[in-house]
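could you look at this predicted model? Sequence included:
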Amino acid sequence: MAQLVSGVTAATVRVDSASELSSGVIISREGYVLTVAHGLSENELQVTVKFSDGTSAKADVVYRNSKRDVALLRVVDASQRKFVAVSLGTKKVTDNATVLAFGYPAREKQTATPVVRLGKLTGSYAKNIRSSCVLTAGDSGGPLVSTGGELLGIHQRIGVDRTTNLHLSIDECCAALLDSIDLRQLPLLGWPSKSPGQLSVMAKDIWQHRAVEILKAKHQVTAWGTVMNSHTVVTKLSLLKPNTKFQVRTLNGDMHACELVAENRSVDIAVLLLSVAIDVESIGLDASARLRIGHLVYGNEAGEPGIIARIDHTEPAARPRLGCTLKSVNDGLVIEQVSPDSAAADGSLQPTDELRVLSSAKTLQLADVAVAVEQHQPGDWVQFLFRRAGVDQTSFGQLRHEPSEMLDRSEFLDGRSGELSLRRSSFSHTLQHDLPLTPQQMGGPLLSAEGKVIGVNIARRAREAVLAIPIEVLLSTCPEISR
């Protein structure tokens with residue numbers, strides 16, 4: 001699978017038009033690129049295509065059929081380049097067949113490589129194919145391929161939910177362009193690829209051996225956790241409200257008292273010490289040493305695989321929002337207004353309260369607050385020490401994202417992104433995959449096809465992306481795990 005992913009990655013390009021970012025796929029050694037017409041500006045004659053190696057070139061718009069949403073580009077000076085191309089599909093693919101989707105998410109304007117997703121074919125129609133490969137803004141025009149490496153279609157439309165995504169079939173693309181060019185007569189340059197056959201489902205007992213649930217009051221599940229050794233569980237720190245008691249429940253129903261012994265905000269990890277030992281081996285350092293993009297991963301009870309799309313990925317920092325306005329009064333800061341659904345609202349702050357300390361930093365001036373907030377990310381918890389009617393009080397609040405981010409279509413897709421983790425920024429050296437996990441299922445284990453724990457899921461980053469902290473990063477940044 002990793003060889004197939006490498007080949008299709010090299011054949012997938014970003015299409016940068018005057019008004020849109022979309023994707024395309026190289027289909028011949030002469031530099032022809034197949035894409036969707038809706039990714040091109042009206043009357044545009046030339047666009048920029050960016051390759052997975054980071055280089056770019058101009059490409060002429062050879063033909064477009066806006067009614068059928070198909071366009072054909074040709075790279076300028078194609079003779080000066082060597083192309084990897086995807087062969088056009090010739091075989092009928094049946095429903096439930098495993099397929100892969102490639103494309104460039106539009107929210108990442110500077111990304112150099114496309115992202116792969118794994119899914120099933122869920123429907124075939126006269127002109128379209130439907131699959132469970134999770135698409136996002138910017139993927140349109142990218143390739144949908146079989147596990148044998150044949151081009152089945154190109155992405156056309158994001159589904160209402162993550163599992164219903166629409167693609168133009170390769171037969172429809174050929175028919176739409178037939179008046180201009182016969183795609184099946186183009187000189188092809190594919191690569192040998194052997195289909196991996198039926199993908200395996202992970203045994204339920206392997207998953208249950210390492211996954212636990214983190215419970216708060218009334219046995220409500222607040223997060224998943226990963227059993228690292230006989231006494232230690234790790235989970236997602238920002239899912240745990242401070243000063244709250246939690247319990248650990250194994251998937252066979254056993255309950256364990258636990259104590260929070262360490263927290264690392266840089267990786268958003270909490271380390272819990274169990275009151276009673278669990279019979280399990282310690283997780284070793286070499287578990288993820290040989291991972292490659294395209295390797296299969298597992299991370300839920302269903303046992304269906306996902307696929308690694310990125311290794312050593314860095315997710316940039318974001319600007320957090322406290323959710324209140326303050327004014328200087330004498331030698332301190334007084335709350336003027338509190339925004340709903342904010343850290344300040346979580347902390348029950350009210351107008352006229354005097355903010356004295358924010359997460360251990362004294363707040364005598366507005367600049368003190370700005371510095372304290374900048375040390376955090378949206379999703380992090382902060383502690384307030386404030387004075388109300390002459391009495392000092394403490395509380396906690398969870399920092400939020402800037403409200404304007406909700407208007408970014410490439411991020412939230414008009415509501416179709418689904419729920420994302422509140423803390424989803426400022427991570428480095430992560431794995432990215434496409435397993436269908438919810439934000440509340442973060443903290444659970446990510447397993448390889450061999451059943452080894454290779455990471456801990458840390459953030460539902462986007463519609464198509466989950467981030468995981470590799471085991472070697474976890475052990476190096478959280479030494480308390482090994483004690």
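Structure's in. What do you need?

I'd guess Glu172 is in a strand, am I close?
No - going by DSSP: H, G, I helix; E, B strand; the rest coil, the assignment for Glu172 is helix, not a strand.

which pLDDT does the model give it?
On the pLDDT scale, Glu172 is placed at 92.

mind checking the backbone torsions on the residue nearest to it when sequence neighbours are not counted?
Spatial nearest neighbour of Glu172, chain neighbours left out: Lys127 (4.2 Å); criterion: Cβ to Cβ, 6 or more residues apart in numbering. Heads up, the C-betas are built off the backbone N, CA and C, glycines and all. Dihedral angles phi and psi of Lys127 (degrees, to the nearest 10) take the values phi -120, psi -10.

what comes up buried for stretch 100-120?
100-108, 111, 113-120 (16 or more other Cβ atoms under 10 Å).

low pLDDT regions in this protein?
Across the chain, the ranges flagged by pLDDT under 70 are 91, 186-200, 203-204, 286-289, 406-410, 412-415, 483.

domains in it, by residue range?
2-185, 204-315+410-482, 320-401 (automatic domain parsing).

about what we covered before: in strands, which of the buried residues of stretch 100-120 appear?
Leu100, Ala101, Phe102, Gly103, Val115, Val116, Arg117, Leu118, Gly119, Lys120 (DSSP state E).

and the residues you listed as TSV, adding distance to Ser41?
Formatted as TSV, these follow (distance: Cβ to Cβ, whole Å):
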residue	distance to Ser41
Leu100	29
Ala101	24
Phe102	23
Gly103	19
Val115	24
Val116	28
Arg117	27
Leu118	32
Gly119	30
Lys120	34
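
show me what the helix or strand hosting Trp207 is packed against.
For Trp207, the element it lies in under DSSP states H and E is helix 204-210. Counting by 3 or more Cβ pairs under 8 Å, 6 or more residues apart in numbering; DSSP states H and E, the packing neighbours recorded for helix 204-210 are strand 221-227, strand 445-448.

tell me which of these sits most buried.
Most buried of the helices and strands packed on helix 204-210, by mean neighbour count (mean count of other Cβ atoms under 10 Å): strand 445-448, with a mean of 26.

what does it rub up against?
Defining contact as Cβ atoms under 8 Å, 6 or more residues apart in numbering, one finds that strand 445-448 is touched by 202, 206-207, 210-211, 226-227, 287-288, 291, 295-299, 431, 433, 435, 453-457, 468.

just checking, next helix/strand downstream of the helix holding Trp207?
For helix 204-210, the following helix or strand on the C-terminal side (DSSP H and E) is strand 211-215.

alpha carbons of that next one, as CSV, please.
In CSV, the C-alpha atoms belonging to strand 211-215 read as follows (Å, rounded to 0.1, in the frame of the first residue of the first chain):
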residue,chain,number,x,y,z
ALA,A,211,-7.8,1.3,25.4
VAL,A,212,-9.7,2.7,28.4
GLU,A,213,-12.4,5.2,29.1
ILE,A,214,-11.8,8.2,31.4
LEU,A,215,-14.9,8.9,33.5
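
relative to strand 221-227, how tilted is that strand?
Here strand 211-215 runs at 140 degrees with respect to strand 221-227, directions being taken by axes from the mean of the first three to the mean of the last three Cα atoms, to 10 degrees.

just the ones of the contacts of strand 445-448 in strands?
Mapping these onto strands (DSSP E) picks out 211, 226-227, 296-298, 431, 433, 453-457, 468.

buried ones in stretch 446-462?
So, applying 16+ other Cβ under 10 Å, buried residues of stretch 446-462: 446-448, 452-462.

quick one: end-to-end length of that stretch, please.
Its start and end residues considered, stretch 446-462 measures 18 Å (Cα to Cα, to the nearest Å).

now stretch 69-87
Stretch 69-87: ends 21 Å apart by Cα to Cα.

over to stretch 15-35?
This stretch, stretch 15-35, spans 8 Å end to end (Cα to Cα).

output stretch 365-376 as PDB, restricted to C-alpha atoms.
This file holds the C-alpha atoms of stretch 365-376, laid out as PDB (Å, rounded to 0.1, in the frame of the first residue of the first chain):
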ATOM      1  CA  GLN A 365      -1.500  45.700  33.500                       C
ATOM      2  CA  LEU A 366      -3.200  44.700  30.200                       C
ATOM      3  CA  ALA A 367       0.100  43.600  28.800                       C
ATOM      4  CA  ASP A 368       0.400  41.000  31.700                       C
ATOM      5  CA  VAL A 369      -2.800  39.400  30.500                       C
ATOM      6  CA  ALA A 370      -1.700  39.400  26.900                       C
ATOM      7  CA  VAL A 371       1.600  37.700  27.800                       C
ATOM      8  CA  ALA A 372      -0.200  35.100  30.000                       C
ATOM      9  CA  VAL A 373      -2.700  34.200  27.300                       C
ATOM     10  CA  GLU A 374       0.000  33.900  24.600                       C
ATOM     11  CA  GLN A 375       1.600  31.100  26.500                       C
ATOM     12  CA  HIS A 376      -1.500  28.900  25.700                       C
END
